[in-house]
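**Student:** from the sequence below, what's the structure:
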Amino acid sequence: MSNKKKYWKNLSDLSSEKVTGIDDIKQREFVEKIPVDEFLGDKENLSNSSTSRRDFLKYLGFSTAAATLAACEGPVVKSIPYVVQPKEIIPGLANFYATTISNGYDFANILVKNREGRPIKIEHNKLAPSSSATNARVHASILDLYDSTRLAQPMKNGLPTSWFEFDFETKRKLKEINDSSKQIVLLTQTFASPSTSKLINDFGKKYSNVSHIIYDTISESAALDAFEQRYGQRGLANYDFSMANLVVSIGADFIGDWQGGGFESGYTTRRIPKKGKMSRHIQFESNMTLSGANSDIRISVKPSEQKLILLSIYSKIFSINNNINLSDKLQKTVDSTVSEILN
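**Tutor:** Here you go, the predicted structure:
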């Protein structure tokens, strides 16, 4: 079959002398003529048109909305009824389960709102005898139940393994180490749960060579050491702000996450005026915090001045002579604070 196609290699080939009908091709760029005169040429019909600009925009909006709805066809979701419906589940009605949460420094009595077996919301349990406030972290902990990246099973050398294999190999290895008199190290975070502490103690009784190491990402060892030195027992002080008439904070954001937080419930009870009285709050801090934003008097100081302020207040309360270099303005504020504490 012969090839009748012709290719133009340069502009000289594309000339009217060499190519016949080139003028017709130029004139027929659009094969079908666009009927512009049919709807713009007749000025009389165009001027007498009854369609206003508002109607045009209305039709345009309706057509756009219709096209959008037609393109957004959702998937078909079928509701399959229970074969044997549990007595405690009624479709459309939520169930509430009372429980507790211990996550880091967050401890609270909570109510878990549940729909068809799925927890959807955490609320504060006001009926609990010891009822601490639920902060933002406690409310957000519901998302941990739907975390697709959390471990669903034990891991060994980076690969998933079964619980049966994990239990078998762990017991075998612990027995082997215990018989060889080697040291078993149990590394955990800080636990406030009596049940967890009892399990750790039982573990130590079964294996006599167990060393329990507690390590936290954010350490409170300084506060623990100070408490132990003062009271002879290692622990963290728990402050009841609902009994305080005057709160003086030096760099401690107790409404935020200072020592784990949880003090905002007692603090807010005394910040509501009752019979013309409410607690007074003085905050010395370097950065703006929630506690400073809610204080009556906020004094912005340098980080290096916070210890000097604390030492100055301590010295004046217990009548100790210390040469502390503070600015005149800051010293007057400290003196005023001490007078409020003593009165």
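**Student:** what score does the residue lying closest to residue 135 once chain neighbours are set aside have for pLDDT?
**Tutor:** Counting by Cβ to Cβ, 6 or more residues apart in numbering, residue 261 is the residue found nearest to residue 135 once chain neighbours are left out, at 5.8 Å. (Glycine included, C-beta is placed from N, CA and C.) pLDDT recorded at residue 261 is 74.
**Student:** is it true that residue 342 touches residue 318?
**Tutor:** No. Using Cβ atoms under 8 Å, residue 342 makes no contact with residue 318, being 11.1 Å away.
**Student:** how many other residues sit next to residue 283?
**Tutor:** Residue 283 has 24 neighbouring residues, counting by other Cβ atoms under 10 Å.
**Student:** how near is the residue lying closest to it once chain neighbours are set aside to residue 334?
**Tutor:** Counting by Cβ to Cβ, 6+ apart, residue 295 is the residue found nearest to residue 283 once chain neighbours are left out, at 3.9 Å. As judged by Cβ to Cβ, to the nearest Å, residue 295 and residue 334 stand 16 Å apart.
**Student:** and for residue 284?
**Tutor:** Look at residue 284 and residue 334: by Cβ to Cβ, they are 9 Å apart.
**Student:** more neighbours: which of these two?
**Tutor:** residue 284 (25 against 21).
**Student:** ok so, going back, mind listing the shared neighbours of residue 284 and residue 334?
**Tutor:** Listed as contacting both residue 284 and residue 334 by Cβ atoms under 8 Å, 6 or more residues apart in numbering are residue 309.
**Student:** quick check: the residue nearest to residue 316 when sequence neighbours are not counted vs residue 289, distance?
**Tutor:** Excluding its sequence neighbours, the residue lying closest to residue 316 (Cβ to Cβ, 6+ apart) is residue 338, at 4.6 Å. Residue 338 is 23 Å from residue 289, where distance means Cβ to Cβ.
**Student:** what about those two, which has more around it?
**Tutor:** Legend: neighbour count by other Cβ under 10 Å for residue 338 and residue 289, higher for residue 289 (21 against 17).
**Student:** surely the more buried one touches residue 257?
**Tutor:** No. Taking contacts as Cβ under 8 Å, residue 289 lies outside contact range of residue 257: 9.7 Å.
**Student:** which parts of the protein are helices?
**Tutor:** 22-27, 36-40, 43-47, 53-71, 136-140, 163-179, 194-206, 221-231, 264-270, 290-293, 303-317, 328-342 (DSSP state H).
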